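S.K.: build the 3D model from these lines:
(chains A and B)
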Number of protein chains: 2
Amino acid sequence: MQELIERIKHEGIHVGGGIVKLDGFLNHQVDAALTERMGAEFVARFDGVLSAAPTKIVTAEVSGIPAALATARLLDIPMLYARKHQSSVMTDVYYFAQATSRTKGGEINLLISKRYLDESDRVLIIDDFLATGSTIRALASLVEASGAELLGIGCVVEKPFERGRDRLEGFDVPVETLARIEFDGDVLRVY
Amino acid sequence: MQELIERIKHEGIHVGGGIVKLDGFLNHQVDAALTERMGAEFVARFDGVLSAAPTKIVTAEVSGIPAALATARLLDIPMLYARKHQSSVMTDVYYFAQATSRTKGGEINLLISKRYLDESDRVLIIDDFLATGSTIRALASLVEASGAELLGIGCVVEKPFERGRDRLEGFDVPVETLARIEFDGDVLRVY
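M.R.: Okay, the predicted model is just below:
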C-alpha cells in the first residue's frame, strides 16, 4: 500500500533494536482517513475469501483496533478484540491464550469471551504488526479453540526479518500485510 | 440516542455493584455500524462548537477508541489515545495524569506524547463511559497541560448516580452523553 509505505518512510521513528515507532498515525495518534483506506485495502486483498462470508473481525487490544474496526465496518460485521487486561467485570467464560511481547516485556494474556465466538463464525484476523507472529498465533489459536473457521490474517506492517509468517504456516490461510520494514544495518527499508 | 438505549436495555448485563457490561456491542465485541452512528451523533451534538474547528479527538485506550475513531473520521481529523500501559518503545516526553478505575482496581496512568498535542490544538474528548468522571477529568487535565483548547466532552454512556458530570464543571465545556443508566434498586433504567 504505497501511501502507507510513504508514511512509514517519512514518519517512522527507529528507536533501536529493530523497532520502528509509528506513533504519528498508527499506534498513538491515529490517522482516521488512512485507517479507513487500510480497511478498504484489506477488503480488496481478501477478495478471494469473502465468498465464504466472514462473520467477525478479530483483533487484540489496543493498537489493532482501528484497522480492524475499519475493515469490520466496510464488511458490515462486528469487530471483536481480545482483552489483555483483567477487570472485575470479566465475569464470562473465556478462551485464553498467551503470547510473548518484546515491547511490553514478557508474556501477555489474550482472552475472548465464549459468548461472542463459536463454531458458527468465520473469522478474519486483523492486527497492526506481524513481527515474531506470537500475538497473531495466539489470536489464531483462540479462533481455533472456539471452533470458528479462520479465513485469513491481515496485518498493517510486517517485519519479515522476525519471521512471523513462518509461525503461521500451520493455519494454512492467506496472510496479507500492507507494508514491510527491513533494516540494512541501521538504514530502514520500507516496501 | 434511541437505538443505543434499546441495545443497552436488551443486551446490557448487570453484574452487580452498579456495573452494566456492554460487551456485546461496545466493550469487547464492537458493533461497527452502530459505532459509526455514534460518531455521527457526536458530530451532531457538538454542532455548536464545530465552528471552532477541532483539530484532534482525544480518548483513552482501550474501549474509547472505536467511538473516538468514528467521530474523528467524520470530522476528518486525527484521533489520539492516551496510553495506559508503558512499553519499551515509549521514548518520547509525555503529559501524565492519573485516574482511579473501579473496574481495573486502583490507579491508572494516562500518557500522551508531547509530540502530538500542543497549544495549537482544539480538542474534543470522546470516551465510552462517564461514571465517576475520574478518567475523563484526567484526560481533560492532559489537554489542559498541553496548552490545547478543550471544546467539549462526549461519552457514549453516562451513569448520573456516580456524579461524574459534577467533577467536570471546572472545565466549563459542553458534556454530551448518548444514553444514561440508573438503578431503581436492582432494576436497570436506561434513558
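
S.K.: helix or strand next in line after the lowest-mean-pLDDT helix or strand in chain A, which one?
M.R.: For chain A, using mean pLDDT, DSSP states H and E, the weakest element among its helices and strands is strand A:13-16, scoring a mean of 87. Following strand A:13-16 in sequence order, the next helix or strand is strand A:19-21 (DSSP states H and E).

S.K.: okay, now the sheet partners of that following strand, with direction.
M.R.: strand A:13-16 (antiparallel) (DSSP bridges).

S.K.: tell me how far the helix or strand hosting A:Leu151 is from the chain's mean position?
M.R.: Assessed by DSSP H and E, A:Leu151 sits inside strand A:149-158. Computed by Cα atoms, centre = their mean, to the nearest Å, the chain-centroid distance of strand A:149-158 equals 6 Å.

S.K.: immediately after that strand, which helix or strand?
M.R.: helix A:164-167.

S.K.: quick revisit: the strand holding A:Leu151 packs against which elements?
M.R.: Secondary-structure packing of strand A:149-158 (3 or more Cβ pairs under 8 Å, 6 or more residues apart in numbering or on different chains; DSSP states H and E): helix A:2-11, helix A:32-45, helix A:65-75, strand A:122-130, helix A:134-146, strand A:175-184. Backbone N, C-alpha and C define where each C-beta goes, glycine included.

S.K.: adding mean neighbour count, write those out as TSV.
M.R.: Below are these laid out as TSV (neighbours: other Cβ atoms under 10 Å in any protein chain shown):
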stretch	mean neighbour count
helix A:2-11	15
helix A:32-45	19
helix A:65-75	27
strand A:122-130	25
helix A:134-146	22
strand A:175-184	17
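
S.K.: reformat these as JSON lines; add mean pLDDT.
M.R.: Output for the helices and strands packed on strand A:149-158, formatted as JSON lines (pLDDT from 0 to 100):
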{"stretch": "helix A:2-11", "mean pLDDT": "97"}
{"stretch": "helix A:32-45", "mean pLDDT": "98"}
{"stretch": "helix A:65-75", "mean pLDDT": "98"}
{"stretch": "strand A:122-130", "mean pLDDT": "98"}
{"stretch": "helix A:134-146", "mean pLDDT": "97"}
{"stretch": "strand A:175-184", "mean pLDDT": "96"}
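
S.K.: from chain B, how far out is A:Ile65?
M.R.: Distance, A:Ile65 to chain B, by Cβ to the nearest Cβ, to the nearest Å: 5 Å.

S.K.: just A:Ala72 next, same as before
M.R.: Taking Cβ to the nearest Cβ, one finds A:Ala72 at 4 Å from chain B.

S.K.: same question for A:Gly170.
M.R.: For A:Gly170, the distance to chain B - Cβ to the nearest Cβ - is 27 Å.

S.K.: OK, contacts around that residue?
M.R.: For A:Gly170, the contact set (Cβ atoms under 8 Å, 6 or more residues apart in numbering or on different chains) is empty.

S.K.: now do stretch A:128-141: everything it contacts.
M.R.: By Cβ under 8 Å, 6+ apart, stretch A:128-141 touches A:26-27, A:58-60, A:63-64, A:67, A:82, A:97-102, A:108, A:110, A:125, A:127, A:150, A:153, A:155-159, A:162-168, A:171, A:175, A:177.

S.K.: skipping adjacent residues, who's closest to the spatially most central residue of chain A in space?
M.R.: Taking Cα atoms, centre = their mean, the centroid of chain A lies closest to A:Asp127, which sits 1.2 Å from it. Once flanking residues are discounted, A:Asp127 sits nearest to A:Gly64: 3.9 Å by Cβ to Cβ, 6 or more residues apart in numbering or on different chains.

S.K.: these two touch, right, the one you found and A:Lys84?
M.R.: No - using Cβ atoms under 8 Å, A:Gly64 is not in contact with A:Lys84; the gap is 10.8 Å.

S.K.: the more surrounded of those two?
M.R.: A:Gly64 (25 against 18; other Cβ atoms under 10 Å in any protein chain shown).

S.K.: which ones are touching the more buried one?
M.R.: A:81, A:126-128.

S.K.: now flag whichever of those residues is closest to A:Gly185.
M.R.: Of all the contacts of A:Gly64, A:Asp128 has the smallest distance to A:Gly185: 25.4 Å, by Cβ to Cβ.
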